[in-house]
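**Student:** can't give you the sequence, but here's the structure:
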């Protein structure tokens, strides 16, 4: 999944690469890169992946994505994010939160053999 933009002139844009509307998401051997979530008149979350459902990334790279507000790489709300042999790196976010991974609303993460390069907003 590469080079997509979720853009709206409304209040919210979610998931530049992937937005999970219902159910769980499992990706294996996938690259999610160079995607964006943009909303000039509001908030934009999850430049690479946005989900409020269980999300599992196996042998997957999430890199060089951007979100105007939070979760430049991965934005997870109220669910479990599981990363196995994953790389989350080089993602950026604007005013609201973490560049690579943003967990909110009671979300949690389980990691195994995972690289998260420290990037900022």
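**Tutor:** Done, it's in. As the structure is a computational prediction, the values presented were derived from the model and not from experiment.
**Student:** contacting residues for the residue nearest to the spatial centre of the chain?
**Tutor:** In the chain, the C-alpha nearest the mean C-alpha coordinate belongs to residue 74, at 1.8 Å (CA atoms, centre = their mean). Residue 74 is in contact with 46, 48-50, 55, 57, 62, 81, 88, 91, 100-102, counting by CB atoms under 8 Å, 6 or more residues apart in numbering. Every residue, glycine included, has its C-beta placed from N, CA and C.
**Student:** most surrounded residue in these?
**Tutor:** Of all the contacts of residue 74, the highest neighbour tally under other CB atoms under 10 Å goes to residue 48, namely 34 neighbours.
**Student:** Quick one: residues contacting it.
**Tutor:** 1, 16-18, 32-33, 35, 62, 65, 72-74, 91.
**Student:** Now for the closest residue to it other than its chain neighbours, how many residues are close by?
**Tutor:** Nearest non-adjacent residue to residue 48, counting by CB to CB, 6 or more residues apart in numbering: residue 65, 3.7 Å away. By other CB under 10 Å, the residues close to residue 65 number 31.
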